[in-house]
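Undergrad: no sequence on hand, only this structure:
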């Protein structure tokens, strides 16, 4: 195995960790984008060389999207913002929440999900982006409301073989699907509950606060969703959803990660309610299901002991492409943990970082 590069976006910059010994030990570069919030990072492994992305920003200078073609050792920060709303929209970009390369069949296409709720598309490898007006002009948009973290489009899923099929998740607007490459979009939230609404209105057409979606490319019609209270699975490409939360200590949380080699294996980090936002029972545990959510098992070997109060955000858990697969998560107290045995045991990669917002990994041959 060659080098594994771990991108860690934090409240005060980007940290790059590297391993050359099958992820047994790590070195950490000096921090990039000092004192900028890095809400989203991404790896585009379709390209040679691999391209890395970091969406950084500040309240004063605004958001930016930088890229690296040398595995994070240096970064290109374009003089003109690659993601910006057209003048006619009278809208300013607040934050880039997600960068998502398309499947290999679209080698130069990269998507970006932003705040306020919008989707952008690049056809030149992430150098420039254009607004996808089909979603921006959706008749529901005027009624989409922000979640606690903002009016963010935070998840983008692409069909592995059909470039016309896309899914997005937005806080607090719900899941939308396109079957025509983004020209039109349908809400696909049937079965997902909006718990804060009156009991007879808790299953609206849209307006749910979905925190994260997951999908395995071998089973693109099966989707997983972590909701603001509720964990769900769809077996019909999001036409309908049903709960898969019976063994979880809480139905609230943010990340949802699908094992890259086992379509029925998923990982979650539950939190105790939207008010407390800490691990249930103050115990640091990742939960794993190996049967598509029918049952869940707590994983804690190597993780901190009780009491433990830190949360894991939606973009701060990920998997690499190595064999065996590595799973990683970062916490709001600046720790990053990793497993090389599907979660049976965990090791600390780095600690004493700023608040971790996003984590991605690239393993190179």
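TA: Happy to help now that I have it. Every value quoted in this text rests on a predicted model; they were computed, and no experiment measured them.
Undergrad: buried set for stretch 189-208?
TA: For stretch 189-208, burial by neighbour count (16 or more other Cβ atoms under 10 Å) applies to 189-194, 206-208. Any C-beta I mention is one placed from the backbone N, CA and C, and that applies to glycine too.
Undergrad: and that stretch, average pLDDT?
TA: For stretch 189-208, mean pLDDT rounds to 94.
Undergrad: residue boundaries of the strands in the stretch 251-365 of the chain?
TA: 252-258, 266-271, 286-289, 297-299, 317-319, 327-330, 336-339, 347-350, 356-363 (DSSP state E, counting those that start in this stretch).
Undergrad: can I get these in TSV with mean neighbour count and distance to residue 6?
TA: Output for these, formatted as TSV (neighbours: other Cβ atoms under 10 Å; distance: least, Cβ to Cβ, whole Å):
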stretch	mean neighbour count	distance to residue 6
strand 252-258	24	15
strand 266-271	24	17
strand 286-289	23	17
strand 297-299	16	20
strand 317-319	22	9
strand 327-330	26	6
strand 336-339	24	7
strand 347-350	18	7
strand 356-363	24	5
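Undergrad: which of the ones you listed sits closest to residue 230?
TA: When the strands of the stretch 251-365 of the chain are compared by Cβ to Cβ, strand 252-258 sits nearest residue 230, at 8.3 Å.
Undergrad: pairing partners for the closest one, with directions?
TA: Partners of strand 252-258 in the sheet, by DSSP bridges, are strand 266-271 (antiparallel).
Undergrad: centre of the chain versus the strand it pairs with, how much separation?
TA: Distance of strand 266-271 from the chain centroid (Cα atoms, centre = their mean, to the nearest Å) equals 13 Å.
Undergrad: need the residues that contact stretch 65-74.
TA: Taking contacts as Cβ atoms under 8 Å, 6 or more residues apart in numbering, the residues outside stretch 65-74 that touch it are 3, 5, 7, 14, 16, 18, 29, 32-33, 47, 49-56, 75-78, 81-83, 96, 99, 112, 126-127, 362, 364.
Undergrad: quick one, which of these are buried?
TA: Here, 16+ other Cβ under 10 Å leaves 5, 7, 14, 16, 18, 32-33, 50-56, 75, 82-83, 96, 99, 112, 126, 362 buried among these.
Undergrad: what residues are up against residue 220?
TA: Residues near residue 220 by Cβ under 8 Å, 6+ apart: 159-161, 165, 237.
Undergrad: can you classify it by secondary structure?
TA: Put simply, residue 220 is coil when judged by DSSP: H, G, I helix; E, B strand; the rest coil.
Undergrad: where exactly do the helices run in the chain?
TA: 133-136, 273-276 (DSSP state H).
Undergrad: lowest-confidence stretch among those?
TA: When the helices of the chain are ranked by mean pLDDT, helix 273-276 comes last with a mean of 85.
Undergrad: gap between that helix and the chain center?
TA: 20 Å.
Undergrad: same check on stretch 242-254?
TA: 18 Å.
Undergrad: could you give the mean pLDDT of that stretch?
TA: 96.
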